[in-house]
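[1] What follows is a predicted protein model with its sequence.
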Amino acid sequence: MSDKSLLSIEKLIEKLNFLEKESVGQWGKMNSSQMVKHCSKSIDLYLGKITVPFWYKYFGVTIGKLFLIYISKLSPLKTPRNLRTMVKSLKISDENLDLDYEKDVLIQKLNNLIDLEGEIDHPIYGKMESEKIQFLIIHHTTHHFNQFDLIN
């Protein structure tokens, strides 16, 4: 699971400080505030705080494991762009979000990951070790930071 393009949690937080309300994504439909909230809500999903329909988990536990193997070998800088967000609560449509507030929330959630231990029941992929959850969160967040040209 080691990938040289993956950033540490501390480095992600540092990069986040360069994001501005006027920052424009290189692809996709989200503005900078929406992207930050999407990343924040994604952490909630990874940690099992968001529920999903049963069939998500059914397919996630069966077919989704193949996706996880594929993603874990792929640099977040090479992750396919414009993938559809399947989980409704991760689709952020509010265009009047307070970027500073959303950044603070994301920073707090990222900092909480540093002490994450044990097994986590991911609502889609099932039980996973905390290291794998941290990896997936960092991978996903790095992908979106790259979307807004924060990775160089």
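    Received, thanks.

[2] residues touching Ile137, list them.
    Applying C-beta atoms under 8 Å, 6 or more residues apart in numbering to Ile137 gives the contacts Ser42, Ile43, Tyr46, Leu110, Leu113. Quick note: C-beta positions are derived from backbone N, CA and C, even for glycine.

[3] same question, Lys103
    Leu16, Asn17, Leu19, Val36.

[4] Of the contacts of Ile137, which is the nearest to Thr85?
    For the contacts of Ile137, the minimum distance to Thr85 (C-beta to C-beta) is 9.1 Å, reached by Ser42.

[5] Check which helices and strands the lowest-mean-pLDDT helix or strand in the chain sits against.
    Every helix and strand in the chain was compared by mean pLDDT, DSSP states H and E; the lowest is helix 64-72, with a mean of 83. Under the contact criterion of 3 or more C-beta pairs under 8 Å, 6 or more residues apart in numbering; DSSP states H and E, helix 64-72 touches helix 130-147.

[6] Now do the helix it packs on against helix 64-72, angle only.
    Relative orientation of helix 130-147 and helix 64-72, computed by axes from the mean of the first three to the mean of the last three C-alpha atoms, to 10 degrees: 60 degrees.

[7] ok, and for helix 130-147, which residues are buried?
    If you call a residue buried by 16 or more other C-beta atoms under 10 Å, then helix 130-147 has these buried ones: 132-147.

[8] As a check, name the ranges of all helices in the protein.
    Taking DSSP state H, the helices of the chain run over residues 9-16, 32-46, 54-62, 64-72, 99-113, 130-147.

[9] what sits up against the least confident helix or strand of the chain?
    Outside helix 64-72, the residues touching it (C-beta under 8 Å, 6+ apart) are Met1, Thr79, Ile124, Tyr125, Lys132, Phe135, Leu136, His139.
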